[in-house]
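[1] Take this sequence and fold it.
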Amino acid sequence: MTGTRRRRALTALGIGALLTGSLYGLGPGTATASSHREAPLIAADPAVDNTDLYAFVSPDRPGYVTFVANWQPFEEPNGGPNFYPFATDASYHIKVDSDGDARPDAEFRWKFRNIDNRGDSTFLYNNGPVTSFDDENLLFKQTYTLESSFGGAPFKTRVRDAPVAPSRVGPASMPDYGKLRDQATRTLPGGWNIFAGQADDPFFLDLHAFDLLYGGDLSETGQDTVAGYNVNTIALQVPVKDVALNGDATRNPVIGLWTTTERDRVRITGGGQSGGRVQVSRLGNPLINEVIVPASLKDAFNASPPRKDAKTPALVKRVLEPEVPKLLESIYQIPAPPAPRNDLAEIFLTGITTKADGPIKADLNSQLNNADVDASRFTPAEELRLNLSVPVTDQPDRLGVLAGDLQGFPNGRRLADDVLDIELQALVGAAQTGKLVDALAAGDGVNANDQDFGAEFPYVALPNSDAVNTTSGTAGKSTEKSTEKAPEKQENTTAKSNPDTMPVAYATGASGLGILIIAAGLLALLKRRRTRQTHLDDDRTRPL
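    Modelled structure (predicted):
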């Protein structure tokens, strides 16, 4: 294939193909999750709501890459007595695509288990000071199993019964929380570092954007909406060779990744499930489902795998003709760049590369830049893409690539990257002009997290212990210096309540499958049957 023909083919594949296809996998009403309550259905199931995904070359450990994924937004520190365990009837996933076909080449899966010693004796999470994970005063705790699969091979167990750092009850209950975090941070054979537990929410932004883009006059800025709240964190650090195409990060340095959560299609109170598992959460780049995807597609987007993105005209249109620039033009008179926005297609769907003839003239983080990639199989998809070969920056800039710091977002995502300001600038054309838009220079007025990040794995700050609604000016501040560890999730499998069967909230509105699930629930209620088998499609996601 000549260079010209190859470029044309890639252009057709990377951009043109985005404009065609069927609306399979997206439509009103399916699934849930991701990015701080951005989709209607996930608000009812916070334990599986994926809030953020981070991926960066480990600054203190050459040759390793770190993934940090968070769930369960807006955890108020005083939210007892059950606090915030991970769901035990769900599995949590990080998926890595090294060859650009929008399918996982490496997949990591976490499953959680409760150890609940409260019984009928107390409602308390602990009945005295907790000094270790094995302390008898810690009445409720969790462990997890981590499994991995490479190249589509069966999952292999990497660790079983690893401890989860418990929710941070307070200084009287947990006088040395850093010690609990240390006990929940483990190193596995092969050099993997793992952690699961509660942490400060590392995202920082002012969500007054939803009030007519900061009040219509930029007067509503400067308040970190998620300051003081915690999240449940899963962190994983692995050698770059474990996730690079053909195990060679020198020839093939670019990876793409996303997270998902899968739940039982039908959950039965007291245990059991019916119909297998269905994807209920998905997250790659930040804020995509919040500010790019329209309301009618939000739930469906979270149920759909990335390989279907390019076949969804309604989704592609929202990338090529985004709503936010039009709002900025109407409210603030900042000219909206003309559509189609192929620069945004590069950032969010193909990665930045000259091989697709896009408007951003750089080769940064598309799998098309991998030497061993098969370009004919490349599939545009919404993934967080990272070039593992970009050197660690001595002086990181919060605006990442837009400020000349090539290690920052959208080349992966570091904890300190100011993704809201970066995406606002990108939406008004800064990525294709190479110049920041002065009218938005101040962004949302929140430039850093309210807590310092750690210098070593798992990097996130310790969870907050003070109430968010305090008026003392110390809301959310940790009473203990972070040594860097993370969070947990909410699910109580010992509770017994009515009704007997709860269909998951991700059933498609009036679809035949949705009717079958409702019928199954009614039948279980009447006949007290424990299970009912339901057909699963081969994608393990819900068709619409």
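[2] My reading is that residue 465 lies in a helix. Confirm?
    No - Residue 465: not assigned to a helix; according to DSSP: H, G, I helix; E, B strand; the rest coil it is coil.
[3] right, and it touches residue 170 too?
    Yes - between residue 465 and residue 170 there is a contact at 5.5 Å, judged by Cβ atoms under 8 Å. C-beta coordinates here come from the backbone N, C-alpha and C atoms, glycine included.
[4] Identify the contacts common to these two.
    Listed as contacting both residue 465 and residue 170 by Cβ atoms under 8 Å, 6 or more residues apart in numbering are residue 77.
[5] Neighbour count: these two, which is higher?
    Set residue 465 next to residue 170 and count neighbours by other Cβ atoms under 10 Å: residue 465 wins out with 21 against 16.
[6] which residues of the chain fall in strands?
    50-57, 64-75, 90-97, 106-116, 140-150, 156-163, 185-187, 193-200, 230-239, 254-268, 273-283, 384-387, 501-503 (DSSP state E).
[7] Can you pull the poorly scored residue ranges out of the stretch 351-500 of the chain?
    471-500 (pLDDT under 70).
[8] scratch that, the stretch 201-350 of the chain
    266-275.
[9] where along it do the helices fall?
    Along the stretch 201-350 of the chain, counting by DSSP state H, counting those that start in this stretch, helices occupy 212-213, 288-291, 298-303, 313-320, 323-332, 342-345.
[10] With respect to residue 51, which of those helices lies nearest?
    Shortest distance between residue 51 and the helices of the stretch 201-350 of the chain, using Cβ to Cβ, is found for helix 288-291: 10.5 Å.
[11] Which strands and helices lie in contact with that closest one?
    Judged by 3 or more Cβ pairs under 8 Å, 6 or more residues apart in numbering; DSSP states H and E, the packing partners of helix 288-291 are helix 298-303.
[12] Are there helices or strands packed against the helix it packs on, and which ones?
    Helices and strands touching helix 298-303, by 3+ Cβ pairs under 8 Å, 6+ apart, are strand 273-283, helix 288-291.
[13] mind redoing it with 10 Å?
    The contact analysis (3 or more Cβ pairs under 10 Å, 6 or more residues apart in numbering; DSSP states H and E) places helix 298-303 against strand 254-268, strand 273-283, helix 288-291, helix 313-320.
[14] Mean neighbour count added to the ones you listed, as JSON lines?
    Supplementary listing: these in JSON lines, determined by neighbours: other Cβ atoms under 10 Å:
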{"stretch": "strand 254-268", "mean neighbour count": "25"}
{"stretch": "strand 273-283", "mean neighbour count": "23"}
{"stretch": "helix 288-291", "mean neighbour count": "22"}
{"stretch": "helix 313-320", "mean neighbour count": "20"}
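[15] Redo those as a markdown table? Include distance to residue 123.
    Formatted as a markdown table, these follow (distance: least, Cβ to Cβ, whole Å):
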| stretch | distance to residue 123 |
| --- | --- |
| strand 254-268 | 24 |
| strand 273-283 | 28 |
| helix 288-291 | 36 |
| helix 313-320 | 45 |
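[16] Just the pLDDT for residue 526.
    At residue 526, the predicted lDDT confidence score is 39.
[17] Looking at the helices and strands packed on helix 298-303, spot the one closest to residue 454.
    strand 254-268 (21.2 Å).
[18] Neighbouring strands - and their directions - for that closest one?
    Next to strand 254-268 in the sheet, as set by DSSP bridges, lie strand 90-97 (antiparallel), strand 273-283 (antiparallel), strand 384-387 (antiparallel), strand 501-503 (antiparallel).
[19] Put together a markdown table for those strands, with distance to residue 128 on each row.
    Shown next, in a markdown table, are the strands paired with strand 254-268 (distance: least, Cβ to Cβ, whole Å):
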| stretch | distance to residue 128 |
| --- | --- |
| strand 90-97 | 31 |
| strand 273-283 | 36 |
| strand 384-387 | 42 |
| strand 501-503 | 35 |
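[20] Relative to residue 441, which of the helices of the stretch 201-350 of the chain is closest?
    Comparison of the helices of the stretch 201-350 of the chain against residue 441 by Cβ to Cβ identifies helix 323-332 as nearest, at 12.6 Å.
[21] now the closest one: how far from the chain's centre is it?
    27 Å (Cα atoms, centre = their mean, to the nearest Å).
[22] how about it: buried residues?
    Buried positions in helix 323-332, judged by neighbour count with 16 or more other Cβ atoms under 10 Å: 324, 325, 327, 328.
[23] What count of nearby residues applies to the closest residue to the first one other than its chain neighbours?
    Nearest non-adjacent residue to residue 324, counting by Cβ to Cβ, 6 or more residues apart in numbering: residue 427, 4.9 Å away. Burial measure for residue 427: 27 neighbouring residues, criterion other Cβ under 10 Å.
[24] What of residue 463?
    Neighbourhood size, residue 463 [other Cβ under 10 Å]: 34.
[25] shaky segments in the stretch 1-150 of the chain?
    1-43.
[26] Residue 168 versus residue 343, what's the distance?
    Residue 343 sits 42 Å away from residue 168, taking Cβ to Cβ, to the nearest Å as the criterion.
[27] Between those two, tell me which one has more neighbours.
    Using other Cβ under 10 Å as the criterion, residue 343 and residue 168 rank with residue 168 on top: 29 against 21.
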